[in-house]
Structures are given as structure tokens and as C-alpha cells.
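S.K.: Fold the following, please.
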Amino acid sequence: MMDSLENALEQAQTEETKVEEVVNEAASEVENVPAEEPQKEETATQEPTVEAPAEVEEAPVAETEAPAEEAEAPVVEETVAEASVEEEPAKEEEVAAEEEAGQDEEPKKVYKTKHEILERVKEIAHGDENPVKEEVDHLKTLFYKLHIAERDAKQKEYLDAGGDPEKFVVLPDEEEEAFKAEMGIIKEKRAKLFMEQEAEKQENLKRKLNIIEQIKTMVTSPEEANKSYQDFKKLQAEWKEIKAVPAEKANELWRNYQLYVEQFYDLLKLNSEAREYDFRKNLELKTRLCEAAEKLAEENDVISAFHQLQKLHQEYREIGPVAKEQREEIWTRFKAASTVVNKRHQQHFESLRAKEEDNLVRKTALCEKVEAIAQQENKGAGDWEKRTREIMEIQAEWKTIGFAPQKMNVKIFERFRAACDDFFGRKAQFFKDLKSRFAENAEKKRALVMQAQALQDSTDWKSTSDKLIALQKEWKTIGMVPKKLGDQLWNDFLTACNKFFEARNAANAGTRSEEHANLAKKRDIIAQLKAVAEEAGANAQEAVQKLVDDYQSIGHVPYKEKDKLYKEYHAVLDKLYKDLNISTARRRLDSFKNNLKDMAKRGEDALDNERARLFRQYENLKQEIQTYENNLGFLNASSKKGSSLIDEMNRKVQKLKDDMNLVREKIKAIDAENREQES
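M.R.: Got it, this is the predicted structure:
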């Protein structure tokens, strides 16, 4: 039992560290929850709207190298709109390069110290490179994991050294302050970059609207179409060079551009040979894209396949038109392959959401278990340890469960953490109080050890024996202390007690034979008293008194025989006193009556004086009896010593009552003599 208490005390000191590890792992779930992928299934009859991120580059129309005299140009092929996927929700300060669909991630550098992380943050803050959100967030997460680990290590070192948990102070960290300052610079830098990009997008929008207006003007002059072809080619090239525009304008801008480009191609009168060559080349390129899109159906990584499909769509947009009779066929093939990839992508996230819902149900059940355990009453350290193991098992199971839905992931974790914190907080307080009680009990036992050691060399055998026995009884009433210290204190206490009792036993070894001899003598006197009780002769009282004096002059008897001998002795003595008092009182009364005649001859005053003396004696005896009876009420009959005192006092009271009755009879005799003389 003591081993488990000691272990529990040690574990209670490190419980906060264990709980913090669980909290840090679960917190990483919250930080890395993926954003839900927008899912829109395309239909065969209409082109779906583009679910673009905040910054997405327009898909330019591919150039066509048809000669200026071509009479008929194909309509630019439409493409399947891709639903862009964000790894995390778009924010205003994000740059276009970070959010571009299908961007390949470079392997993250491994940082082992806060100093290395701080140096990298300084490079980003003061260098020419643009801050990348993923890297900045990654550096921030790593820095604070190391920071928290250092803080917890210092706290554990402080507690292991015997420090008071309530007095532990977290000292300022210069590296953390420097880190915060550099992160502030990075934030300002990203905000400035965002504003510059927004301004650039607005400028790009104006430029593209201008290009559309110029192409629109060309479309309204059919007779000038062939002559303006080179200008049209330059506008296409300029369109391709212009990058991002505001997302809310992207689709409308692209549709207008596509519309007027197609109209312009229809006006062109290019020669048939050049036009056919252009159509064949574009068909070959689009066929290869269809094959690549169809192959993506076999890709194991659904997310990667979806990102690759986005790149294929971008390439498809940049390829020029094919012959009119082949446009629908090639478009239908490419769209069908895209639909397969899109459906797999959609099913993947539907499955993920279903799994997250199941995870939420499981995590809710674990929260309820911990809350139920936390509400149970713990009567001792054993209960606390048992329920600690139960909660630790639940925490281990929690780690095996994946994310809950994004909206509930933080809430369910906070509920779980609150229940765990409540339990372990109360457990820490319990063991803190227990440790305080252990310290108090240890001080009490140290005091008893010192008292026993002060008595261990005493030779006052009887008094010291009683004191040590009282100390031993008090020891049993004191609660527990830690096992190692408890064993040491008990050994010191027992050593002191044993030293005295061994010395006492050695000193009393020679008296045992004497005690047995005394036992034989006292039993012989008891036998003589019994004989006197049977004879009840005239000199019985003198004989009894002599035997009583002899009995009391004999020393101690063996301890085990003391009570039995005491009862036997007083039983015969009580009988003798009762019989002797009756006969003695009768003789004394007869003698008193015989003397009344002589007393009467001396005159009435003699009888009156004797009567007054006897009355005073009667009142004194009555008062003495009352005093003894009052004292009897204060004695404890449950102890052996108290019982013997009560028996002795009862015998005295009975003798006093007998004496009082004798005095009363004498008074009656005087009154009778007075009446006789008067008559």
C-alpha cells in the first residue's frame, strides 16, 4: 500500500507534463485540419462554373498560326472548368504563387533548435524573397513546440528538485521576443505584397478589358479581318503575358474573350492548307491531353490526380481549335475523362467527411467516458491511480482517431481537454494534501521517537513501562507516512522501546523465583482465612487482622496470577468482615446496655451527655458514607485499577453503615432507659 502511495505522489508531480503531451498532439490536429474541397460534378450538356481560389490565372486562348488569307477559322475550344482545391482556407494576404492549383511542395528543411528557426525567419523578414505562408506557419509551429518543450523541461527540473509548483515562474525568453518581432515584420511584408498584387490585378483587368475591346472592334469589320490578323496575334500574345486578375471577374472576362476570338476566327479567310495543318496539330495535342486525362483514372493518389487534371485543363485552354466536325468529339472525350477524375475526387472527400463524422461520434463517446470518470468519488490513492490508468487508456485511444469535421474539431478537443484537466487538477490537489498529511504524520512520529529515546535508559521499570506502552498506543493512532521514511522512524522507535524492555527483563530475571514463592505464601494465608471463616471463634477478628497484615507484607506475585489471587483473597475477606461485623456489633451493643445501669446511677446528665455524643457520631458516619458514595460515581469500573478501588470503597461503606446502625441502636437503648427511670 505504501509503495503505491509513494508512486502516486511521484506521478502526481509529473501528471501535468503527461497531460500537456496529449494536448500538444491533439492541438496539431486543429492546426492541420484540411479545408473541405469544393465538389461540383460536371454535366455533359453544360460547362460548369469555375470554383477558382482568390487568385487564379486566366487561361489564355492559344495562338493560331493560320495565314491571313484563311477564309474560315474554327471556334476556340471550350474547356472543362476545374474546381480549385485549397489546402487551407484562402486568406487576403496569400500570394498567387502559394495558391496556384497543382503546385508541387518542396521537402521541408529540418530545424533542431529555436536559433536555427529564428535565423531562417530573419532571412525571410529582411531578404528579397517573398514570404511563403506554408513555410512561415511551419516555422511558427516548430518554434513553439521547441519553446514549450524547453519550458516543460525547466518546470520538471524545478519540481524534481523539490520546488513548489505554485511558485514556479516562467522567465522571459529573449529568443521568443525576437521571434515575435521578426514575425511582425513578415506580416507587414506579406500585407504590403498583397496590396501590390491586388493593384497589379486591377491593372491586369484593365489591360485585358482593353484587349477584348480591340478584338471586338476587329470583329465588327469583317472586310478588315485578314488585314488585322497580325494585330490580332499581338493581342493574343499580350493576353498570354498578362497574369492574375480579380477572381470575381475571371470567368466573365474569359467568356467574353473567348466569344470575340471565336468570332474573329470565323471571319478570317485563311488558306485551306494552313488551316488544316493548324487543325491537325491542335488535334494531336488535344488527343494527347485526353489520353493523359484518361490515364489519371488509374492514379492511386486522388488528390494528385485532381491537381494534374487542373494542369491538363490549363494546357487544353492554350491549344488552338480543331476542325468543326471534330470539336464536339474531342471535347466530349476530354470532358468524360475529367468527369471520372472529378467523381473520384468528390467521392474521396465524401468518404473523408463520413469518416470525420464517425470520428466525431467516437471522440464524443470518449469525452463522455472521461467526464463520467472525473465525476466519480475517489476515496483514496488507489481509486485515483485506477481512474488515472483508465483516462490514460482513453487518451491513447483518442490519439488513434483522426480528425472530426472542421467546425467541430476544436470544440470536441476543448471538451476532452477540459474533462482531463479537471480530473488531473483535482488529483494533483489530492496528492498535494496527502503529502502535507504525510509530513504532519512524520513530525508526530519523530516526536514519539525522541520521547522513546529519552526513556530508553531509564531504570524506573514500572513508570517507564507505562509511558512506553502509552507511546506505542499513540503511535498506532497516527496515520501513514512514505514507506522509506516510515520504516526508518519505526525502526528507531522500536529500537528505543526494545532497549528499555530488554534491560527491564534482564533486571527482573532474578525476581521471578521470588514471585512464585510469594504466590505460595499468599495462597497459604487465603487458606487460613477460609478456616477462620468456618470456625468464627471469639478471637476470630484478631486472627483475621493478623493474617491480613501478613498478606500485605508479602511482595509481588507473577503477573498472570495477580487477578485470580486478588479475587480469591477478597472473596473470603468480604465474607469474614460481614460475619465478624454482625457478631461484634451484637456483643458491643449488649455490653453498652449492661453499662447503662451504672451510667444512670451517676445521674440523668450522664445519659444525656452520652446520647449527644452518640448522635454527633451518627451524623459524622452518615456524612462520611455520603462522601464515599459520591466518590464512587467518579471512578471508572471498566479498568482493572478502577474496579479494585470500587470494591475496596464498597467494603468501607458497608462497614461504616454497620457502625452507624450500631450507634443508632445505642441511642435507642439510652432512650429506653430514660423512659424506664421516669416511670
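S.K.: Tell me which stretches of the stretch 351-500 of the chain form helices.
M.R.: In the stretch 351-500 of the chain, the helices defined using DSSP state H, counting those that start in this stretch lie at 381-400, 406-455, 461-477, 483-508.
S.K.: So which of these is nearest residue 226?
M.R.: Closest approach to residue 226 among the helices of the stretch 351-500 of the chain is made by helix 406-455 (56.8 Å; C-beta to C-beta). Placement of C-beta: from N, CA and C, glycine included.
S.K.: Just the angle for that closest one relative to helix 461-477, thanks.
M.R.: Helix 406-455 and helix 461-477 are oriented at 180 degrees to each other (axes from the mean of the first three to the mean of the last three C-alpha atoms, to 10 degrees).
S.K.: from here on, count from 100
M.R.: Right, with 100 as the first residue, what we last looked at is helix 505-554.
S.K.: quick one on the thing from earlier: among the helices of the stretch 450-599 of the chain, which comes closest to residue 314?
M.R.: Of all these, helix 505-554 sits nearest to residue 314, with 43.9 Å by C-beta to C-beta.
S.K.: Can you add distance to residue 245, mean pLDDT and mean neighbour count and give the helices of the stretch 450-599 of the chain back as TSV?
M.R.: Formatted as TSV, these follow (distance: least, C-beta to C-beta, whole Å; pLDDT from 0 to 100; neighbours: other C-beta atoms under 10 Å):
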stretch	distance to residue 245	mean pLDDT	mean neighbour count
helix 480-499	21	90	16
helix 505-554	22	88	17
helix 560-576	52	87	13
helix 582-607	37	84	15
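S.K.: Please name whichever of those helices is nearest to residue 421.
M.R.: Nearest of those (C-beta to C-beta): helix 505-554, 43.3 Å.
S.K.: that older thread, turn the helices of the stretch 450-599 of the chain into a markdown table, including distance to residue 213.
M.R.: What follows is these, written out as a markdown table (distance: least, C-beta to C-beta, whole Å):
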| stretch | distance to residue 213 |
| --- | --- |
| helix 480-499 | 26 |
| helix 505-554 | 25 |
| helix 560-576 | 55 |
| helix 582-607 | 40 |
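S.K.: between those, which one is nearest to residue 320?
M.R.: helix 505-554 (54.6 Å).
S.K.: Minimum distance to residue 446: which of the helices of the stretch 450-599 of the chain has it?
M.R.: Minimum separation from residue 446 across the helices of the stretch 450-599 of the chain (C-beta to C-beta) falls at helix 505-554, 19.0 Å.
S.K.: for the closest one, packing partners?
M.R.: Identification of packing neighbours for helix 505-554 by 3 or more C-beta pairs under 8 Å, 6 or more residues apart in numbering; DSSP states H and E yields helix 101-130, helix 423-474, helix 480-499, helix 560-576, helix 582-607.
S.K.: between those, which gets nearest to residue 298?
M.R.: Distance to residue 298, taken as C-beta to C-beta, is lowest for helix 101-130 among the helices and strands packed on helix 505-554, at 31.9 Å.
S.K.: rewinding a little: which among the helices and strands packed on helix 505-554 is found nearest to residue 772?
M.R.: helix 560-576 (57.2 Å).
S.K.: Tell me who's in contact with the closest residue to residue 272 other than its chain neighbours.
M.R.: Leaving aside its sequence neighbours, residue 272 sits nearest to residue 246 (C-beta to C-beta, 6 or more residues apart in numbering; 6.7 Å). The contact partners of residue 246, taken as C-beta atoms under 8 Å, 6 or more residues apart in numbering, are 213, 272, 274-275.
S.K.: Is residue 208 in a helix, a strand, or coil?
M.R.: coil (DSSP: H, G, I helix; E, B strand; the rest coil).
S.K.: count of neighbours near it?
M.R.: 11 (other C-beta atoms under 10 Å).
S.K.: Now do it, the pLDDT please.
M.R.: pLDDT recorded at residue 208 is 74.
S.K.: Distance check, it against residue 241.
M.R.: In this view, residue 208 and residue 241 are 10 Å apart by C-beta to C-beta, to the nearest Å.
S.K.: follow-up on the earlier one: got the contacts of residue 246 as CSV, with secondary structure, distance to residue 586 and neighbour count columns?
M.R.: Formatted as CSV, those follow (DSSP: H, G, I helix; E, B strand; the rest coil; distance: C-beta to C-beta, whole Å; neighbours: other C-beta atoms under 10 Å):
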residue, secondary structure, distance to residue 586, neighbour count
213, helix, 46, 21
272, coil, 44, 14
274, helix, 48, 16
275, helix, 47, 16
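S.K.: What is the nearest of those to residue 547?
M.R.: residue 272 (49.7 Å).
S.K.: And the most centrally placed residue in the chain, how far from residue 247?
M.R.: What sits nearest the mean C-alpha location of the chain, by C-alpha atoms, centre = their mean, is residue 523, with 1.6 Å. Distance of residue 523 to residue 247, computed by C-beta to C-beta: 17 Å.
S.K.: in the stretch 200-349 of the chain, which spans are strands?
M.R.: Taking DSSP state E, counting those that start in this stretch as the criterion, the stretch 200-349 of the chain contains no strands.
S.K.: so who does residue 718 touch?
M.R.: Taking C-beta under 8 Å, 6+ apart as the definition, residue 718 has no contacts.
S.K.: Which strand or helix spans it?
M.R.: Per DSSP states H and E, residue 718 falls inside helix 703-731.
S.K.: does residue 459 really touch residue 502, like I thought?
M.R.: No: between residue 459 and residue 502 there is no contact under C-beta atoms under 8 Å: 9.0 Å.
S.K.: so where's the stretch 600-749 of the chain uncertain?
M.R.: 608-610, 635-638, 679-686, 689-690, 693, 696, 700, 702-703, 733-743 (pLDDT under 70).
S.K.: Which parts of it are strands?
M.R.: Under DSSP E, counting those that start in this stretch, the stretch 600-749 of the chain gives no strands.
S.K.: quick one: the helices in the stretch 200-349 of the chain?
M.R.: 213-225, 232-259, 273-318, 328-340, 346-366.
S.K.: Can you check what angle separates the first one from helix 273-318?
M.R.: Okay, so that is helix 213-225. Using the same axes, to 10 degrees: helix 213-225 against helix 273-318 is 40 degrees.
S.K.: Name the surrounding residues that touch helix 213-225.
M.R.: Residues contacting helix 213-225 (C-beta under 8 Å, 6+ apart): 208, 210, 228, 230, 234-235, 238, 241-242, 245-246, 249, 274, 277-278, 281-282, 284-285, 288.
S.K.: Buried ones in it, by neighbour count?
M.R.: Buried positions in helix 213-225, judged by neighbour count with 16 or more other C-beta atoms under 10 Å: 213, 215-217, 219-221, 223-224.
S.K.: what's the spacing between it and its chain's center?
M.R.: The chain centroid and the centroid of helix 213-225 are separated by 37 Å under C-alpha atoms, centre = their mean, to the nearest Å.
S.K.: now do the longest one
M.R.: Between the mean C-alpha location of helix 273-318 and the chain-wide mean there is a distance of 49 Å, by C-alpha atoms, centre = their mean.
S.K.: quick check: angle from that helix to helix 346-366?
M.R.: Helix 273-318 runs at 30 degrees relative to helix 346-366, counting by the same axes, to 10 degrees.
S.K.: and helix 273-318, what does it pack onto?
M.R.: So helix 273-318, by 3+ C-beta pairs under 8 Å, 6+ apart, packs with helix 213-225, helix 232-259, helix 328-340, helix 346-366.
S.K.: can I get those in a markdown table with mean pLDDT?
M.R.: Converted to a markdown table, those look like this (pLDDT from 0 to 100):
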| stretch | mean pLDDT |
| --- | --- |
| helix 213-225 | 86 |
| helix 232-259 | 86 |
| helix 328-340 | 87 |
| helix 346-366 | 84 |
